[in-house]
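Chemist: what's the 3D shape of this:
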Amino acid sequence: MASPFNIISNQAPITMPSPSAHPRPEWLRVKFFGGERYQDLKRIMRTLDLHTVCESARCPNMGECWDHGTATFMILGDICTRACGFCAVPSGKPAGPPDEQEPFRVAEAVARMGLRYAVVTSVNRDDQPDGGAQIFARTIEEIRRRVPGCKVEVLIPDFRGNWEALNVVLATKPDVLNHNTETVPRLYRQVRKGALYERSLELLRRAKETHPDVPTKTGLMLGLGEEKDEVLATLQDLALQGTDILTLGQYLQPTREHLPIVRYVHPDEFAEFKMLGEAMGFKHVEAGPLVRSSYHAFEQTESAHK
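Modeler: Numbers count the residues shown, from 1 in each chain. From the prediction side, this is the model:
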C-alpha cells in the first residue's frame, strides 16, 4: 500500500481574479427545497441542540437532502480549532470539553428521523488529546444501539497524526471511514491550515491496512487554482493507499473573507476525472459541480461493498 508521495513544489498558488462575484454558471444553480420534511428535520436538530455541517458549511445541497430526510451531523461542538481558508465553520477556542451527552442526542435524532444511513462528522478539536475520537466512537455505538440496522459513515479529522485515536474510531467498524484530502499538495498551506498532505495519506493507508473490511473514502474540491496534472497525481496517490470511494466537487466561496474561486470547473471535466479515477481503481467516484462528501452517500457505500 505504501507509496512515495507525489509532492509538488511549494510555489505560491496561482492567483487570478475571483469569478465568485459574477453570476454562477447554469450548472451551479440549485433549487431550494423547503418542504415539510425539511422543516421537521430542522425542528429535531434545534430541539436536541445538535449541529449539522449542512448548515455550518452552507452546503448547496442542504435543501434537497433535508427534504429527503438525510443530514450530516456535526459533533464536538460548532467551534473549530483550525481556520481553513475554504471552510465556513466558525473557528476559535471551544468554550469547554466535548459534550458527553451528544452521542445520545445524535442517536435520538437518527431514531426520530427514521434514518437507515447516518453521516457523522466534526469540527477539529486539537485542544483534546484524542481529537474527540472517543465521542466519535460512542456516537457510532449509540446510533447502532438506538437504531439497529442503521449504517453509519464517519468523516473524521486527521487527529494530528494520533493513530491510537484513529484506532478507537476504527474499532467500532463504521460502515465507511471518510477523511477528506480537500486539495492538491501545493495548495495545502493556504487551504488546510494545520494539516499535512502526507498525514492525510497515511491516515487513509493505516485505516485500510488495519481494517481492510471498512471502506475508506476521501474527497477533493476543484476550482482553487490546481492544475489537471496535480489533480491526477493526487488521485494516483489516493488510489495507491487503497481508498475505495472518491468525491470531487466545485469549491464555492462561502464569504468574501474566504479563499477566492479561481475558476468554475465544467461538468465535462468532472466527467473526465470520474472516468480517470475509476481507471485508477476507485470502486466508486462521485464527481460533479455540486458533489459534496455526503451527497448520495448511501449509494456510494453500496458500490464500495460490492
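Chemist: residues touching residue 201, list them.
Modeler: 5, 181, 237, 238, 241 (CB atoms under 8 Å, 6 or more residues apart in numbering). C-beta coordinates here come from the backbone N, C-alpha and C atoms, glycine included.
Chemist: what helix or strand does the third one sit in?
Modeler: With elements delineated by DSSP states H and E, residue 237 resides in helix 228-240, which encompasses its position.
Chemist: What mean pLDDT does that helix get?
Modeler: Regarding helix 228-240, the rounded mean pLDDT is 98.
Chemist: How about stretch 204-220?
Modeler: 97.
Chemist: Can you give me the first-to-last residue distance of it?
Modeler: 14 Å (CA to CA, to the nearest Å).
Chemist: May I see the buried residues of that stretch?
Modeler: 204-208, 211, 214-220 (16 or more other CB atoms under 10 Å).
Chemist: need the strands for the stretch 51-200 of the chain, in chain order.
Modeler: Assigned by DSSP state E, counting those that start in this stretch, the strands in the stretch 51-200 of the chain fall at 51-52, 72-75, 117-122, 151-155, 176-178.
Chemist: related to what we said a few turns ago, so which of the buried residues of stretch 204-220 comes closest to residue 262?
Modeler: Within these, the smallest distance to residue 262 is 14.2 Å, found for residue 220 (CB to CB).
Chemist: so that closest one sits in a helix?
Modeler: No. Under DSSP: H, G, I helix; E, B strand; the rest coil, residue 220 sits outside any helix and is assigned strand.
Chemist: Which residues does it form beta bridges with?
Modeler: Beta-bridge partners for residue 220, by DSSP bridges, are residue 182, residue 248.
Chemist: same thing with residue 287?
Modeler: With DSSP bridges as the rule, residue 287 is bridged to residue 248.
Chemist: how close does it get to residue 230?
Modeler: 16 Å (CB to CB, to the nearest Å).
Chemist: residues of stretch 233-245 that come out buried?
Modeler: 233, 234, 235, 237, 238, 239, 240, 241, 242, 243, 244, 245.
Chemist: Centre of the chain to that stretch, how far?
Modeler: 16 Å (CA atoms, centre = their mean, to the nearest Å).
Chemist: Identify the residues contacting the residue nearest to residue 145 when sequence neighbours are not counted.
Modeler: Spatially, and ignoring its direct neighbours in sequence, residue 145 is nearest to residue 107 (7.0 Å; CB to CB, 6 or more residues apart in numbering). Counting by CB under 8 Å, 6+ apart, residue 107 touches 139, 142, 143, 145, 146, 147.
Chemist: Max pairwise distance over the residues you listed: which two?
Modeler: Among those, 139 and 147 lie farthest apart (CB to CB), at 12.1 Å.
Chemist: Please say which of the two ends up with more neighbours.
Modeler: Between residue 139 and residue 147, residue 139 has the larger neighbour count (other CB atoms under 10 Å), namely 29 against 20.
Chemist: Burial check on the closest residue to that one other than its chain neighbours, number of neighbours?
Modeler: Spatially, and ignoring its direct neighbours in sequence, residue 139 is nearest to residue 103 (4.1 Å; CB to CB, 6+ apart). By the measure other CB under 10 Å, the count of residues near residue 103 is 24.
Chemist: Wait, residue 103 touches residue 138, no?
Modeler: Yes. Taking contacts as CB atoms under 8 Å, residue 103 lies within contact range of residue 138: 4.2 Å.
Chemist: so how far is residue 215 from residue 208?
Modeler: Counting by CB to CB - residue 208 and residue 215 are separated by 9 Å.
Chemist: Rounded mean pLDDT for whichever helix or strand residue 41 is part of, please.
Modeler: Per DSSP H and E, residue 41 falls inside helix 36-47. For helix 36-47, mean pLDDT rounds to 70.
Chemist: same thing with stretch 284-295?
Modeler: Mean predicted confidence for stretch 284-295 is 84.
Chemist: re the thing from before, point out the ones among the buried residues of stretch 204-220 that are inside strands.
Modeler: 216, 217, 218, 219, 220 (DSSP state E).
Chemist: Which strand residues bridge the first one?
Modeler: If I follow you right, that is residue 216. residue 177.
Chemist: Against residue 90, how distant is the closest residue to residue 75 other than its chain neighbours?
Modeler: Nearest residue to residue 75, sequence neighbours excluded (CB to CB, 6+ apart): residue 122, at 4.8 Å. Look at residue 122 and residue 90: by CB to CB, they are 14 Å apart.
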